[in-house]
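# coords please:
(one chain, ligands or ions: 1)
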Amino acid sequence: MKAVVGAIAGVGLAGATWTATRHRRPSAPPGGGHDSIRRADHGASPVGHSGTGSHSGPAEGLLAGKIVGIDPGHNGDNWDHSSYINRSVWNGREEEACDTTGTADAGGYSEAEFAFNVAQNLAGLLRAQGATVVLTRTTNAGYGPCITQRASIVNSAGAHVAVSIHADGGPVDGRGFSILEPVASGVNDSVIGSSQALGDHVRSAFVTETPMPVSDYYGVNGVVARDDLGGLNLTTVPKVMVECGNMQNPTDAALLIDPHFQQQAATALAKAVTSFLTTMASGSGSTPTVANP
Ligand SMILES: [Zn+2]
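Now for the predicted structure:
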């Protein structure tokens with residue numbers, strides 16, 4: 001599945017199924033049809049990934065000494081930089097676009113903004129537990145980085161775990177969150193099992209901490225193995241990509257754009273990361289009690 005944003009405008013979506021719209025804006029007409037979701041602050045920054053995260057945080061806490069990678073999908077100005085994000089990169093298995101625009105809801109609220117807000121919330125929760133957080137982008141007013149860079153930022157930081165935050169552009173009548181997990185690519189072979197374990201934690205936490213249902217249109221119990229995404233093929237740390245809901249579905253979208261839900265999603269991810277890390281550290285198969293991560 002090629003993920004070249006330009007193909008949407010150039011070829012149209014006549015032959016595309018909903019799966020072909022994943023991680024990109026579903027209905028951009030030719031000629032800058034994304035104007036409606038341009039942000040007022042567009043152009044304020046070049047590539048918004050120069051900062052790779054804070055190394056501040058309390059020395060004590062449940063996550064002291066732990067490094068957590070957070071990858072907010074896409075970027076707010078990707079729409080204005082198609083030549084940059086359409087460049088082809090090697091995703092560990094095949095060629096893939098550097099990045100895509102991501103999707104948006106019917107009102108023009110972008111997946112990029114959603115992902116950024118959840119990431120900021122999540123970073124705060126994790127730092128409060130003593131974790132060091134590494135973000136793949138620290139603004140929603142830039143473009144990029146490429147999926148390859150997003151993976152390398154997290155890998156080179158020596159993260160103990162990472163989550164990539166997205167929202168889906170699924171069928172309008174489909175609801176719910178899904179978790180995309182890596183398939184062995186060679187590069188990621190050592191973290192397949194741990195990523196699946198992380199996915200289990202994320203799934204459980206989303207069920208208990210958010211009103212978003214498990215996807216009724218994608219995956220098995222909300223879990224999908226994907227071998228075509230650079231962010232998963234190229235990871236050397238336990239990692240999953242979370243589609244926190246379907247922006248094309250009005251009910252899901254109403255949640256996704258709500259700051260309260262964005263905090264709930266962050267809380268779910270923080271609890272999942274914390275339970276994953278503390279379970280791995282203890283070497284037990286059980287999930288310990290986690291107090292307000
Ligand atoms: Zn996405």
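
# quick one, helices of the protein?
For the chain, applying DSSP state H gives helices covering 5-11, 82-85, 111-128, 147-156, 192-209, 230-233, 250-256, 259-282.

# and the gap between Ala106 and the ion?
Computed as C-beta to the ion, to the nearest Å, the Ala106 to the ion distance reads 17 Å. Where C-beta positions appear, they are placed from N, C-alpha and C, glycine not excepted.

# Let me see the contact set for that residue.
By C-beta atoms under 8 Å, 6 or more residues apart in numbering, the contact set of Ala106 is 248, 250, 253.

# are any of those buried, and which?
Using 16 or more other C-beta atoms under 10 Å as the burial test, the contacts of Ala106 include 248, 253 as buried.

# Columns distance to Gly142 on top of the contacts of Ala106, output as a markdown table?
Shown next, in a markdown table, are the contacts of Ala106 (distance: C-beta to C-beta, whole Å):
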| residue | distance to Gly142 |
| --- | --- |
| Gln248 | 25 |
| Pro250 | 30 |
| Ala253 | 24 |
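
# count of residues packed around whichever residue of the chain sits closest to the ion?
With C-beta to the ion, the shortest gap between the chain and the ion falls at His166, namely 3.4 Å. The tally of other residues near His166 (other C-beta atoms under 10 Å) stands at 29.

# from memory it sits against Phe116, does it?
No - between His166 and Phe116 there is no contact under C-beta atoms under 8 Å: 11.3 Å.

# What residues does the nearest residue to the residue of the chain closest to the ion once chain neighbours are set aside make contact with?
Residue nearest to His166 in three dimensions, not counting chain neighbours: Gly73, with 4.0 Å by C-beta to C-beta, 6 or more residues apart in numbering. Listed by C-beta under 8 Å, 6+ apart, the contact partners of Gly73 are 23, 102, 111-112, 115, 164-166, 241.

# Recalculate using a threshold of 6 Å.
Gly73 sits next to 102, 115, 165-166 when contact means C-beta atoms under 6 Å, 6 or more residues apart in numbering.

# Sitting in strands, which of those residues do you find?
Among those, the ones falling in strands (DSSP state E) are 165-166.

# isn't Asp216 right next to Arg175, touching?
Yes - between Asp216 and Arg175 there is a contact under C-beta atoms under 6 Å: 5.4 Å.

# ok, those two, which is more surrounded?
Arg175 (19 against 16).

# Quickly compare the helices of the chain and say which is most buried.
helix 230-233 (a mean of 27; mean count of other C-beta atoms under 10 Å).

# now that helix: how far from the chain's centre is it?
11 Å (C-alpha atoms, centre = their mean, to the nearest Å).

# what do you get for stretch 268-280?
Relative to the chain's own centre, stretch 268-280 is displaced by 17 Å; criterion: C-alpha atoms, centre = their mean.

# same check, this time on stretch 107-124
10 Å.

# residues making contact with it?
By C-beta under 6 Å, 6+ apart, stretch 107-124 touches 36-37, 70, 72-76, 102-104, 133, 140, 165-167, 247, 256-257, 262-263, 265-266, 269-270.

# do the same with stretch 186-202
Outside stretch 186-202, the residues that reach it (C-beta under 6 Å, 6+ apart) are 92, 179, 181-182, 184, 223, 234-235, 238-240, 242, 272, 275-276.

# List buried residues within those.
92, 179, 181-182, 223, 234-235, 238-240, 242, 272, 275-276.

# near the ion, which residues of the stretch 151-293 of the chain show up?
Counting by C-beta under 5 Å from the ion, the positions of the stretch 151-293 of the chain adjacent to the ion are His166.

# May I have the beta-bridge partners of Val242?
Ile165, Ile179 (DSSP bridges).

# What residues does it make contact with?
165, 179, 202.

# Max pairwise distance over the buried ones among the contacts of stretch 186-202: which two?
The span of the buried ones among the contacts of stretch 186-202, defined through C-beta to C-beta, is set by Gly92 and Ser275 at 28.1 Å.
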